[in-house]
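Asker: Fold the following and give me the result.
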Amino acid sequence: MEQIRVKVKSQIDDKYIANGVEKILGLNDGIFTRPSRSRNPKYKSVEQTHNLTFKNNVAYDKAVLVLMLFAVVYIFFVNYNDIVNSTLDDGVLMGFGVFLIIIPIFIYRAFFMEHKIKMRITKTAIEYDGKMLNWNEIIDLGILKAKSSRVNEHKIIVGTINKGIQEIDLTSLNVSPKRLADIIILNAKNMLQ
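Answerer: Here you go, the predicted structure:
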């Protein structure tokens, strides 16, 4: 088991940890770290993590909706005299109309759309993207923050005994990498130590 653990850790290091030349040239994919358990974790026991489900994050839809509502209010107040006098420019009228058509779509996506479950935490495994990563097979864990302008582009890198290295993309999910790492560490504690 120790040989397998060293082999998987070495494979992860080779693939995700940039050496000096890669860092200097900027060829690395992102910043890789091995997490430890949080000081104040949300879940204190293994049982609290079972039956958790994670779906698409709607925070972006809500943020876009708020920005669009501000834009509509701004357009309305800036062009108030033209609206009252019915002398509104056709371009402004078209822009206002487009906002009024798009806003209900974002309201639906943010508040009423039933999002498909992307990940499930069970007593025995993580179910993600049609795969099951059993707790008793996880022997290494890391967080990869991609080098991009998107703040939340993260992946959890999981080293397993039988399935090798698996990536769990958290970019669009409603779970932070640290929280998911805490869940994995808590459930796979015996294997990760």
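
Asker: isn't there a helix covering Asn81?
Answerer: Yes - assignment of Asn81 by DSSP: H, G, I helix; E, B strand; the rest coil places it within a helix.

Asker: okay, now it: neighbour count?
Answerer: 9 (other Cβ atoms under 10 Å). C-beta: built from backbone N, CA, C; applies to glycine.

Asker: any idea how far it is from Asp169?
Answerer: Here Asn81 is placed at a distance of 50 Å from Asp169 (Cβ to Cβ, to the nearest Å).

Asker: quick check, Asn136 in a strand?
Answerer: No - under three-state DSSP, Asn136 sits outside any strand and is assigned helix.

Asker: centre of the chain versus the helix of greatest length in the chain, how much separation?
Answerer: With DSSP state H setting the assignment, residue counts place helix 59-78 as the longest helix in the chain. Remark: helix 59-78 is offset 24 Å from the chain centroid, using Cα atoms, centre = their mean, to the nearest Å.

Asker: I'd like to check which residues are in contact with the closest residue to Thr124 other than its chain neighbours.
Answerer: If you skip the residues right next to it in sequence, Thr124 has Asn134 as its closest partner in space, 6.0 Å away by Cβ to Cβ, 6 or more residues apart in numbering. Taking Cβ atoms under 8 Å, 6 or more residues apart in numbering, we find Asn134 in contact with 124-125, 160.

Asker: Also Gly30?
Answerer: With contacts defined as Cβ under 8 Å, 6+ apart, the neighbours of Gly30 are 16, 144-147.

Asker: How is this protein divided into domains?
Answerer: Under automatic domain parsing, the residue ranges defining each domain of the chain are 2-56+116-192, 59-112.

Asker: Determine which stretch of the ones you listed is the most buried.
Answerer: When you average the neighbours per residue for each of those (mean count of other Cβ atoms under 10 Å), domain 2-56+116-192 leads with a mean of 16.

Asker: so how far is that one from its chain's centroid?
Answerer: With Cα atoms, centre = their mean, you get 12 Å for domain 2-56+116-192.

Asker: how long is that domain end to end?
Answerer: When the termini of domain 2-56+116-192 are compared using Cα to Cα, to the nearest Å, they are 11 Å apart.

Asker: what do you get for stretch 124-138?
Answerer: This stretch, stretch 124-138, spans 11 Å end to end (Cα to Cα).

Asker: what's the helix or strand for the closest residue to Tyr16 other than its chain neighbours?
Answerer: Distances taken as Cβ to Cβ, 6+ apart place Phe32 nearest to Tyr16, at 4.1 Å, with adjacent residues excluded. In this assignment (DSSP states H and E), Phe32 forms part of strand 30-33.
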